[in-house]
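Q: build me a model:
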Amino acid sequence: MDLTRCPWCGQDPLYTAYHDTEWGVPEWEARALWEKLILDGFQAGLAWITILRKREAFRAAFQGFEPAVIASWGEADVVRLLGDAGIVRHRGKIEATIGNARAFLAIEERQGFSDFLWKHVEGRPVQNRFATMAEAPTETAAARAMSKELKAHGFRFCGPTIVYAFMQATGMVNDHLVGCHAHDRCASLAARPAG
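A: Numbering: from 1, shown residues only. So this is what the prediction gives:
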């Protein structure tokens, strides 16, 4: 049976699997949210499929995106990563990731990184009902506010457009089109798990 999907994922099996199983599914776990935000920062200027194809190499290079590990890195690690052909080799983005790890740890200790992000949508996914991709914005007031607060805490590569793409990916907003098979499934996952 052919499933109706949002047209942005095309026919690439890796992209359609990402669309069907990850994009728009609410993510509540702090480290996973941080990883996705970092990868969205690396995407800046590139197609998401490029990052998706390199995601496992990123995870290996950045030691599972463990902020406590990355926060201790310095210039030698930046040089090592610049030599890794499996990832996007961009000094500014690599250095930002190290600084973003330090910022994550500070936020996590003070208030919890997940709560810090999810408060921008009042703790529940926004349920949009767009019929076409043209209706979906590239940024919103909530994305601008989150971007501003992230930057105030020391994050880089987190402008409003990057942040809105991150919010879509992590299910803070459900931007699956109403005709897409994943829209209602993601909507049904809107309640935050207990615990």
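
Q: report the buried residues of the one helix or strand residue 150 maps to.
A: Element membership of residue 150 [criterion: DSSP states H and E] is helix 141-152. By neighbour count on 16 or more other CB atoms under 10 Å, the buried set for helix 141-152 is 142-144, 146-147, 149-150. Using the backbone N, CA and C atoms, a C-beta is placed for each residue, glycine as well.

Q: so which residues of the protein form strands?
A: Secondary structure of the chain (DSSP state E): strands located at 126-127, 173-174.

Q: so which of those strands is nearest residue 82?
A: strand 173-174 (34.1 Å; CB to CB).

Q: in its sheet, which strands sit next to that closest one, and in what direction?
A: strand 126-127 (parallel) (DSSP bridges).

Q: same question for the partner strand, mean pLDDT?
A: Across strand 126-127, the average pLDDT comes to 97.

Q: chain center to it, what's the gap?
A: The chain centre lies 17 Å from the centre of strand 126-127; the measure is CA atoms, centre = their mean, to the nearest Å.

Q: run through who's touching that strand.
A: Applying CB atoms under 8 Å, 6 or more residues apart in numbering, the external contacts of strand 126-127 come out as 142, 172-174, 187, 190.

Q: those: which two are farthest apart?
A: Largest pairwise distance in the contacts of strand 126-127, by CB to CB, is 17.9 Å, between 142 and 187.

Q: what about the residue nearest to residue 171 when sequence neighbours are not counted, how many neighbours?
A: In space, and not counting its chain neighbours, residue 171 is closest to residue 26: 3.5 Å by CB to CB, 6 or more residues apart in numbering. Neighbourhood size, residue 26 [other CB atoms under 10 Å]: 20.
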